[in-house]
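**Student:** Please find the sequence and the predicted model below.
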Amino acid sequence: MSGTFVGMPAFPKAAHDAVHNETLRGNLRHATHTIRAKRANAVAELSDWAELREAGKRIKDHTLRHLDRYLVQLEEAVTAAGGTVHWAADADEANRIVADLVKATGESEVVKVKSMATQEIGLNEALEAEGIRAYETDLAELIVQLGKDRPSHILVPAIHRNRGEIRDIFRKEMSEWGRPAPEGLTDTPAELAEAARLHLREKFLRAKVGISGANFMIAETGTLVVVESEGNGRMCLTLPETLISVVGIEKILPTWRDLEVFLQTLPRSSTAERMNPYTSMWTGTSDGGAEAGDGPRHFHLVLLDNGRTDTLADEVGRQALRCIRCSACLNVCPVYERAGGHAYGSVYPGPIGAILSPQLRGTASDIDASLPYASSLCGACYEVCPVAIDIPEVLVHLRERVVEGGPVTREGNKVVLQPAKGHAAERAAMRAARWAFTHPGVLRSGQRLASRTRRLHPRTLPGPGQAWSGSRDLPAVPAEPFRDWWQRTNGGKTEKGTSK
Amino acid sequence: MRVALFLTCVNDTLYPDTGRAVVKLLTRLGVEVDFPMAQTCCGQAHYNTGYRHEAEPLARHFSDVFGDYEAIVTPSGSCGAMVRELYPRMGERARAEGRGDTLAATLAPVVQRTYELTEFLVDVLGVTDVGAYYPHQVTYHPTCHGLRGLGLGDRPRRLLQAVKGLELVELPGAEECCGFGGTFALKNADVSTAMGVDKVRNAESTGAEVLCAADNSCLMHIGGTMTRAGSDMRPVHLAEILASTEKEPAA
Ligand code: SF4
């Protein structure tokens, strides 16, 4: 499991295997269609969904516009409540801060609450390199970790696995990490859950250090919020003495009241629940005298930038930072359903991954340059997004960045990108087409030539055309383009049988 | 009423029957149709593939050709959405880049007056029964840009329901993308094909003879998938069904 996915092939190639893997496609199809239908029902129950969505969008936009101010306010509030705030510009810096904090406790193992930010920076691997073992405690995340696999969904990282596969992973791998799987474990959900519970309980009770992310941070009070379904997160947030939370700087909300909106939209969008089962909130530490809050004994907040400030500088693309990681866009995306999460080569798969990863990481690698094209622009993601991120708009914007280059901000500096390599033929074709289309006579001669040679046109093509005709027949070229018919018959008026 | 037909480059070149059907239909409804010969392409493929700067001259050309018409009607949800949804965005971007309001002002008239065919029939002409006759079982696929881009809603279905002899069968997973997506069909052919195959499978499960949509680009992809699968189903553009009458029935 790598946080950086270096050397990942471009999306079409990465998707190829998934598309032809029947088991995988069956697992994905079943899971996404089930949750999709449930979400639609949960959303339909609220008469004010459209207003909630608009409110969520506004709160996030306002916060992003004044992010600097709210971050400073948050830091003051967390510090006043006994916590310590660290600032990390990138993944390496964040990993170093966390590793040093863990070492300072003298511990060599930590329990983890499911967190996208720590995956983004590849924290588990970085800790491993320092001799610290990180145990994932979210059930799906545990399956991924035990299976030496990569997560393929934001919310259900093991969505690509079925129960039989999970049973096999538990049987084979649990003993290496701690308490082994019970004898004769079957693939019934209850038995699998019980096996995980027993395995994890050992770790909860032993661990002195917990690591988490956060769904929200409240600037006015310094409170962090984690929303989850299993309760395993709450164990990590309350049992260990030291808690280290790594959180993206965009996760901030100005006031306690703002939470109201998201505690309605997030669970309904992600798990189709009216209210998520566990909402944990903590402020600073419980151990710091008069001003102390209600957190663990020691609390560290690592605020992660890692490309977010650069993303914020982009007028069109910055809306991706509104994302609350509900995963509704993944579940509704027809491309994600066929390609699977791994094809996106990023911890953020699906539509949001396709716009977030190339902004956080830049478009230089093959995979990042191909992600903006991993969509048919059907618009289903925009329709379900609870904070109204116009994902198709950002996809097209990033395509422009790939093929035309242009100004971007990287590490705080304005730079002008050159067009990505490998698009020369396409660019030439687009230019030629534009030229023909701005010269109607040229278009017409082309159409006539096609019609005159129509019997010679094969319905399958060699070369690049194979991408089309390898799997679909081409339509036959008609004897006469419309415009010739129009002219010949004076708009149909002189053609026999066409009514006037 | 006199309207300009914006047929789209794909229909003009590959699907002239759809164009003839629109002319026949609108003429029957008392609308005078003009086909400005200088029309070409709205620039959608350019824009959506990331070539905004190649798309801009095409938008200007579109505006030159159609700017003076009272109404512009197109039998394509996606090209309609290009003009109505994305031309304004091109204008905004030009402004954001410090090129002033010129582009937005040039495009404004065509943005306001462009209608997808079913919108024009239902909203402007105020008809749902267009006097058509089509004695076939039909299932309807709402294409993404018509459905979510333009918000056509139930207009196409209402028009189909009013057609004499036509039996409308619901398509399972109707609102799922067919996988065409313009250059997506080439750039991500595997995923695109997988989506198309599922769409055809769902269509086949209805037992209908005809799969109807209001966009020939999607029909080209779905139809090409059908013939490859050896399916007996036929892809037919909505306009051809609405143009069909007892006197002159379409196949
Ligand atoms: S982009 Fe929207 S729908 Fe997708 S995960 Fe983020 S908030 Fe949810």
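**Tutor:** Arrived safely, thanks for sending.

**Student:** I'd like to check which residues are in contact with B:Glu85.
**Tutor:** Counting by Cβ atoms under 8 Å, 6 or more residues apart in numbering or on different chains, B:Glu85 touches B:149-150. Glycine gets a C-beta too; all of them are placed from N, C-alpha and C.

**Student:** Next, count neighbours for the residue of the stretch 101-250 of chain A found nearest the ligand.
**Tutor:** Per Cβ to the nearest ligand atom, A:Ile154 is where the stretch 101-250 of chain A lies closest to the ligand, at 6.2 Å. Using other Cβ atoms under 10 Å in any protein chain shown, the number of residues around A:Ile154 comes to 26.

**Student:** Over to A:Glu51?
**Tutor:** There are 11 residues near A:Glu51, going by other Cβ under 10 Å.

**Student:** returning to that earlier point: how about the nearest residue to the residue of the stretch 101-250 of chain A closest to the ligand, chain neighbours excluded?
**Tutor:** By the measure of Cβ to Cβ, 6 or more residues apart in numbering or on different chains, the closest residue to A:Ile154 outside its immediate chain neighbours is A:Ser327, 4.2 Å from it.

**Student:** Next: A:Val111.
**Tutor:** A:Ala207 (4.2 Å).

**Student:** Distance check, the residue nearest to A:Ile154 against the ligand.
**Tutor:** Remark: distance between A:Ser327 and the ligand (Cβ to the nearest ligand atom, to the nearest Å) = 5 Å.

**Student:** Likewise for B:Gly165?
**Tutor:** Taking Cβ to the nearest ligand atom, one finds B:Gly165 at 43 Å from the ligand.

**Student:** what does B:Glu246 give?
**Tutor:** Separation of B:Glu246 from the ligand (Cβ to the nearest ligand atom) stands at 49 Å.

**Student:** what's the nearest residue to that residue if we skip its chain neighbours?
**Tutor:** Per Cβ to Cβ, 6+ apart, closest to B:Glu246 is B:Tyr133, 4.4 Å.

**Student:** Across the sheet, point out what pairs with that neighbour.
**Tutor:** B:Lys164 (DSSP bridges).

**Student:** Look at B:Cys41 and give its secondary structure.
**Tutor:** Three-state call for B:Cys41 (DSSP: H, G, I helix; E, B strand; the rest coil): coil.

**Student:** show me the contacts for it.
**Tutor:** A:433, A:437, A:443, B:8-9, B:58.

**Student:** how about a cut-off of 10 Å?
**Tutor:** The neighbours of B:Cys41, taking Cβ atoms under 10 Å, 6 or more residues apart in numbering or on different chains as the test, are A:433-434, A:436-438, A:440, A:443, B:8-10, B:12-13, B:55, B:58, B:61-62, B:79, B:82.

**Student:** go on, B:Val83?
**Tutor:** With Cβ under 10 Å, 6+ apart, B:Val83 has these contacts: B:6, B:42-44, B:59, B:62-63, B:66, B:72, B:74, B:76, B:107, B:110-116.

**Student:** In terms of pLDDT, where does the residue lying closest to it once chain neighbours are set aside sit?
**Tutor:** Leaving out its chain neighbours, the residue that sits closest to B:Val83 by Cβ to Cβ, 6+ apart is B:Thr114, at 4.4 Å. pLDDT for B:Thr114: 98.

**Student:** Separate out the buried members of the contacts of B:Cys41.
**Tutor:** Neighbour counting by 16 or more other Cβ atoms under 10 Å in any protein chain shown classes A:433-434, A:436-438, A:440, A:443, B:8-10, B:12-13, B:55, B:58, B:61-62, B:79, B:82 among the contacts of B:Cys41 as buried.

**Student:** Chain B versus the residue nearest the centre of chain A, what's the distance?
**Tutor:** Taking Cα atoms, centre = their mean, the centroid of chain A lies closest to A:Tyr348, which sits 2.9 Å from it. Per Cβ to the nearest Cβ, to the nearest Å, A:Tyr348 is found 18 Å from chain B.

**Student:** So for that residue, what's the nearest residue that isn't a sequence neighbour?
**Tutor:** The shortest distance from A:Tyr348 to any non-neighbouring residue, by Cβ to Cβ, 6+ apart, is to A:Leu356 (4.9 Å).

**Student:** Report the contact partners of residue 156.
**Tutor:** Since no chain was named, I'll use chain A. Per Cβ under 10 Å, 6+ apart, neighbours of A:Val156: A:31-32, A:35, A:138-141, A:143, A:270-271, A:327, A:330-331, A:341.

**Student:** hmm, I had chain B in mind actually
**Tutor:** Per Cβ under 10 Å, 6+ apart, neighbours of B:Pro156: B:77, B:116-119, B:121-122, B:140-143, B:146-147, B:212-214, B:238, B:242.

**Student:** What about these, which are in strands?
**Tutor:** B:116, B:140, B:212-213 (DSSP state E).

**Student:** is it true that the residue nearest to A:Tyr348 touches A:Leu321?
**Tutor:** Yes - counting by Cβ atoms under 10 Å, A:Leu356 does reach A:Leu321; the two are 8.4 Å apart.

**Student:** Common neighbours of the two, please.
**Tutor:** In contact with both A:Leu356 and A:Leu321: A:308, A:311, A:389, using Cβ under 10 Å, 6+ apart.

**Student:** how about the nearest residue to the residue of the stretch 151-300 of chain A found nearest chain B, chain neighbours excluded?
**Tutor:** At 15.3 Å from chain B, A:Ser152 is the closest residue in the stretch 151-300 of chain A, using Cβ to the nearest Cβ. Ranked by Cβ to Cβ, 6+ apart and with sequence neighbours excluded, the top spatial neighbour of A:Ser152 is A:Gly341, at 2.8 Å.

**Student:** residues near that neighbour, how many?
**Tutor:** 25.

**Student:** rewinding a little: what's near enough to touch the residue nearest to the centre of chain A?
**Tutor:** By Cβ under 10 Å, 6+ apart, the residues touching A:Tyr348 are A:116, A:119-120, A:151, A:154, A:320, A:323, A:325, A:327, A:330, A:341, A:354-357, A:360, A:371.

**Student:** Among the residues you listed, name the ones in strands.
**Tutor:** Under the assignment DSSP E, those contribute nothing to strands.

**Student:** Flag every buried residue along stretch A:149-166.
**Tutor:** Here stretch A:149-166 shows A:149-162, A:165-166 as buried, counting by 16+ other Cβ under 10 Å.

**Student:** so where's the stretch 101-250 of chain B shaky on pLDDT?
**Tutor:** Judged by pLDDT under 70, the stretch 101-250 of chain B has no weakly predicted residues.

**Student:** which residues does the residue in the stretch 101-250 of chain B that chain A sits nearest to contact?
**Tutor:** Nearest residue of the stretch 101-250 of chain B to chain A, counting by Cβ to the nearest Cβ: B:Gly181, 2.8 Å away. Taking Cβ under 10 Å, 6+ apart, we find B:Gly181 in contact with A:334-335, A:373, A:375-378, B:48, B:78, B:144-145, B:187-188, B:191-192, B:195, B:217-218, B:221.

**Student:** what residue lies at the spatial centre of chain B?
**Tutor:** B:Ser76 (1.5 Å).

**Student:** With adjacent residues omitted, what lies nearest to that one?
**Tutor:** Ranked by Cβ to Cβ, 6+ apart and with sequence neighbours excluded, the top spatial neighbour of B:Ser76 is B:Thr8, at 4.8 Å.

**Student:** which residues sit in contact with that neighbour?
**Tutor:** A:482, B:14-15, B:18-19, B:39-42, B:44, B:74-76, B:78-80, B:82, B:215-217.
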